[in-house]
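Chemist: I'd like to go over a predicted model; first the sequence, then the structure.
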Amino acid sequence: MLVSYGARMINPRKTHCKNGHKFTPKNETWFVDINGKLQRKCKKCYNAVRNKRCKLRYRNDEAYRERQKAKSRKYKCLEILNKEHHI
């Protein structure tokens, strides 16, 4: 019987992320990292980090804020048109 204690054998057996969230098909995402390795992440933790980065960018970048405001206005206008024309 071959027994391995390396990361390649241990990580797939993990049932929870480092913050304690359970790995389930709904709560995990797979992606290829910069080095070409397949990685598994908890969606809750991933979204929290992404939202934090987005908030920092929004707070510090005036041009980014303007683009986001323009996008939201554009989509609001599209929603109004869709409701009026029943699309």
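Modeler: That came through, no problem.
Chemist: hey, where'd the helices end up in the protein?
Modeler: Ranges of helices within the chain are 7-10, 43-60, 62-85, based on DSSP state H.
Chemist: distance check, residue 25 against residue 57.
Modeler: Here the criterion is CB to CB, to the nearest Å. By it, residue 25 lies 31 Å from residue 57. In this view, the C-beta of every residue, glycine as well, is placed from N, C-alpha and C.
Chemist: same question, residue 42
Modeler: For residue 42 relative to residue 57 (CB to CB), the value is 22 Å.
Chemist: what about those two, which has more around it?
Modeler: A direct count of neighbours by other CB atoms under 10 Å for residue 42 and residue 57 places residue 42 higher, at 20 against 12.
Chemist: that one pairs with what?
Modeler: Taking DSSP bridges as the rule, residue 42 bridges to residue 28.
Chemist: could I get stretch 35-53 in PDB with only the CA atoms?
Modeler: The C-alpha trace of stretch 35-53 is given here as PDB (Å, rounded to 0.1, in the frame of the first residue of the first chain):
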ATOM      1  CA  ASN A  35       2.000  28.200 -12.100                       C
ATOM      2  CA  GLY A  36      -0.500  26.100 -14.000                       C
ATOM      3  CA  LYS A  37      -1.600  24.100 -10.900                       C
ATOM      4  CA  LEU A  38      -5.200  23.200 -10.200                       C
ATOM      5  CA  GLN A  39      -6.400  24.900  -7.000                       C
ATOM      6  CA  ARG A  40      -9.500  24.600  -4.900                       C
ATOM      7  CA  LYS A  41     -11.000  27.500  -3.000                       C
ATOM      8  CA  CYS A  42     -13.900  28.100  -0.700                       C
ATOM      9  CA  LYS A  43     -16.400  30.500  -2.500                       C
ATOM     10  CA  LYS A  44     -17.300  32.300   0.700                       C
ATOM     11  CA  CYS A  45     -13.600  33.200   1.400                       C
ATOM     12  CA  TYR A  46     -12.900  33.900  -2.300                       C
ATOM     13  CA  ASN A  47     -15.900  36.300  -2.500                       C
ATOM     14  CA  ALA A  48     -14.900  38.000   0.700                       C
ATOM     15  CA  VAL A  49     -11.400  38.700  -0.500                       C
ATOM     16  CA  ARG A  50     -12.700  39.900  -3.900                       C
ATOM     17  CA  ASN A  51     -15.200  42.200  -2.400                       C
ATOM     18  CA  LYS A  52     -12.600  43.700  -0.100                       C
ATOM     19  CA  ARG A  53     -10.300  44.400  -3.000                       C
END
